[in-house]
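In: Got a sequence here, can you model it:
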Amino acid sequence: MQHILAYFTQYQVNYKNEVLSGLTVALALVPEAVAFSLIAKVSPLVGLYAAFMMGLVTSLLGGRPGMISGATGAVAVVLVALTKSHGVEYIFATVILAGLLQIAAGLLQLGKFIRLVPHSVMFGFVNGLAIIIFLSQLVQFQTLDAAGISHWLTGTALYTMLGLVGLTMAIIVGLPRLTKAVPASLAAIVVVSALVIGLGIDTKTVGDIAAIKGGFPPFHIPAVPLTLVTLGVIFPYAAIVAGVGLIESLLTLNLIDEITETRGQTNRECVAQGTANVLSGLFFGMGGCAMIGQSLINISSGARARLSGILAALMLLVFIMFGAPLIERVPMAALTGLMMMVAVGTFEWASLKTFGKMPVADLVVMVLVTGITVLLHNLALAVLIGVVVAALVFAWENAKRIRARKYVDAAGVRHYEIFGPLFFGSVQAFSEKFDVVGDPAQVIIDFQHSRVADMSALEALHKLTERYHRAGKTVHLRYLSPDCRRLLGKAHALIEVNVVEDPLYQVAGANQRY
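Out: Coordinates of the predicted model:
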């Protein structure tokens with residue numbers, strides 16, 4: 001029993017904060033799950049069941065206590081085309097396969113590669129997501145006419161909505177200055193809901209979006225043919241869902257790590273996300289991943305342990321099974337104001353101060369990732385493009401750093417001391433530094449301050465050696481690091497170079513010093 005308690009209380013736990021934060025998150029999960037279900041063209045209960053299963057499993061098994069998972073827009077956008085073409089049963093099969101891929105990624109310890117995401121990409125990701133969260137709330141200021149066409153609210157309806165949203169935001173901002181006994185987000189929802197219900201104010205409620213009444217998630221094996229044709233249909237979607245889910249989840253994990261000044265376990269989170277998606281697909285859910293908005297609500301409300309996420313999932317199930325009539329009366333204005341404050345808190349305002357102070361390339365990457373996130377609503381694509389652009393910038397900057405110091409010793413041997421890495425980006429500049437025609441018969445290339453990094457570098461050395469050989473001259477390489485020698489050894493059948501064994505830098509024996 002003590003081991004179980006230690007698992008759930010590995011961080012210092014404030015039980016009041018955990019319980020109240022879990023309740024706040026559960027309330028915020030309802031409209032999000034319903035909205036994402038509608039995006040994916042499935043029943044609202046499919047999204048709600050996914051939010052329950054994802055939240056419960058990842059809170060129990062995940063690598064980042066305090067992080068909330070559920071049905072997300074990033075996954076819904078991927079699945080909508082499959083819903084239209086093949087139906088909801090293929091959605092369940094796709095989510096299960098995506099979960100298996102995520103488990104495999106965790107077991108292969110691929111989660112560590114999230115470290116390769118630059119800070120500029122993180123800024124762009126967070127800012128873009130904040131803008132998306134804010135803009136997605138504007139739909140609550142619209143209404144449908146008899147023909148199903150959307151129009152902006154006007155008159156009393158608009159003023160009522162604005163007033164209630166403003167009141168919600170004011171409570172969230174002002175209450176912590178008076179007391180922190182209860183989470184400001186929960187207090188705002190309760191106060192605005194009581195005001196609307198008590199005064200009979202006519203405004204949009206959760207029940208106007210969809211009915212959330214349901215039972216316990218039923219166990220359900222997807223009714224799809226177990227054939228290679230089916231696998232061919234669902235695998236591309238599953239691979240995208242798995243990739244999108246892991247990228248969004250691990251970036252959210254990193255963000256919470258920074259806020260809480262603790263460190264989560266990326267590979268464990270991959271396995272937990274995969275397990276949650278497999279179970280989601282088997283229990284009538286559409287799958288999902290970490291939710292940055294709800295995670296920030298949870299963390300800002302003081303939660304730090306697994307308990308808040310578990311309670312949020314269980315409370316959501318209670319809402320579905322028993323509390324639907326009450327939850328459906330919660331005004332959307334309260335939840336809209338809450339999510340707008342989440343957007344304001346999510347945005348990295350400090351990133352605006354970096355303009356004119358940080359390298360231009362980093363600023364371009366940050367703006368690019370933000371723009372792609374906002375315009376395409378594809379977080380994974382935005383992050384991947386940002387990482388690729390940042391990597392190309394890094395390669396270009398390092399390619400410009402290769403240089404050579406040249407001199408002729410007393411024996412008439414030409415020496416080239418190379419500085420900077422030799423890789424695909426710098427091979428052209430490297431080759432241009434040699435005077436094959438004007439050099440003496442013996443040439444030594446010194447790599448004490450350089451590294452041979454890849455196949456392009458090996459090929460450049462091979463071609464350079466051939467050029468000197470055709471001119472009747474000999475090239476010697478010396479001061480190669482152990483990793484460079486291993487590369488040359490593996491490529492021995494493909495290239496031919498002459499390596500000088502230097503007495504101060506021997507590599508041949510296991511007992512020799514470097």
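In: Can you get me a residue count around Met358?
Out: Neighbours of Met358 under the rule other CB atoms under 10 Å: 15. Using the backbone N, CA and C atoms, a C-beta is placed for each residue, glycine as well.
In: What helix or strand is the residue nearest to it when sequence neighbours are not counted located in?
Out: Ranked by CB to CB, 6 or more residues apart in numbering and with sequence neighbours excluded, the top spatial neighbour of Met358 is Ser120, at 7.8 Å. Secondary structure assignment for Ser120, by DSSP states H and E: helix 119-136.
In: Val77 too?
Out: helix 73-86.
In: got the buried residues for that helix?
Out: Residues of helix 73-86 classed as buried by neighbour count (16 or more other CB atoms under 10 Å): 73-80, 82-83, 86.
In: Between these, which sits nearest Ile234?
Out: Using CB to CB, Leu82 comes nearest to Ile234 of the buried residues of helix 73-86, at 7.4 Å.
In: Please list the residues outside whichever helix or strand comes after the helix holding Ser120 that contact it.
Out: Using DSSP H and E, the next helix or strand after helix 119-136 towards the C-terminus is strand 142-144. For strand 142-144, contacts defined as CB atoms under 8 Å, 6 or more residues apart in numbering pick out 150-153, 157, 204.
In: Quick check: of the residues you listed, which lies closest to Gly63?
Out: Once CB to CB is applied, the member of the contacts of strand 142-144 that ends up nearest Gly63 is Lys204, at 37.9 Å.
In: what's near enough to touch the closest one?
Out: Lys204 makes contact with 140, 143, 161, 331-333, according to CB under 8 Å, 6+ apart.
In: how about 6 Å then?
Out: Met332 (CB atoms under 6 Å, 6 or more residues apart in numbering).
In: What are the buried residues along stretch 329-347?
Out: Quick answer for stretch 329-347 (16+ other CB under 10 Å): 330-343, 345-347.
In: Keep only those of those that are in helices.
Out: 332-343, 345-346 (DSSP state H).
In: how about low-confidence regions in this protein?
Out: Residues of the chain that meet the criterion pLDDT under 70 lie in 1-12, 487, 490-514.
In: Would you tell me which helix is longest in it?
Out: Every helix in the chain considered (DSSP H), the longest is helix 228-260.
In: can you give me how far it is from the chain middle?
Out: Put simply, helix 228-260 sits 8 Å off its chain's centre (CA atoms, centre = their mean, to the nearest Å).
In: hmm, back to that, contact partners for the residue nearest to Met358?
Out: 362, 365-366.
In: May I ask which of the residues you listed has the most neighbours?
Out: Neighbour counts for these (other CB under 10 Å) peak at Met366, which has 28 neighbours.
In: which helices and strands does the host helix or strand of that one pack with?
Out: Using DSSP H and E, Met366 falls within helix 360-376. Counting contacts by 3 or more CB pairs under 6 Å, 6 or more residues apart in numbering; DSSP states H and E, helix 360-376 is packed against helix 119-136, helix 379-399.
In: after the longest helix of the chain comes which helix or strand?
Out: In N-to-C order, the element after helix 228-260 by DSSP H and E is helix 266-282.
In: Neighbouring strands of the helix or strand that that following helix is followed by in the sheet, and parallel or not?
Out: Counting by DSSP H and E, the next helix or strand C-terminal to helix 266-282 is strand 289-290. Using DSSP bridges, strand 289-290 pairs in its sheet with strand 69-70 (antiparallel).
In: gap between the strand it pairs with and the chain center?
Out: Remark: strand 69-70 is offset 13 Å from the chain centroid, using CA atoms, centre = their mean.
In: got it, and stretch 32-49?
Out: Worked out by CA atoms, centre = their mean, stretch 32-49 lies 22 Å from the chain centre.
In: could I have it exported to PDB, CA atoms only?
Out: Backbone C-alpha positions of stretch 32-49 (Å, rounded to 0.1, in the frame of the first residue of the first chain) are rendered in PDB as follows:
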ATOM      1  CA  GLU A  32     -13.400  20.500 -26.100                       C
ATOM      2  CA  ALA A  33     -14.100  16.800 -26.500                       C
ATOM      3  CA  VAL A  34     -17.500  17.600 -28.000                       C
ATOM      4  CA  ALA A  35     -16.100  20.100 -30.400                       C
ATOM      5  CA  PHE A  36     -13.300  17.800 -31.600                       C
ATOM      6  CA  SER A  37     -15.800  15.000 -32.100                       C
ATOM      7  CA  LEU A  38     -17.800  17.200 -34.400                       C
ATOM      8  CA  ILE A  39     -14.600  18.100 -36.300                       C
ATOM      9  CA  ALA A  40     -13.900  14.400 -36.800                       C
ATOM     10  CA  LYS A  41     -17.500  13.800 -37.900                       C
ATOM     11  CA  VAL A  42     -18.300  11.300 -35.100                       C
ATOM     12  CA  SER A  43     -20.700  11.200 -32.200                       C
ATOM     13  CA  PRO A  44     -19.900  13.500 -29.200                       C
ATOM     14  CA  LEU A  45     -19.800  10.500 -27.000                       C
ATOM     15  CA  VAL A  46     -16.800   9.100 -29.000                       C
ATOM     16  CA  GLY A  47     -14.800  12.200 -28.200                       C
ATOM     17  CA  LEU A  48     -15.900  12.100 -24.500                       C
ATOM     18  CA  TYR A  49     -15.000   8.500 -24.100                       C
END
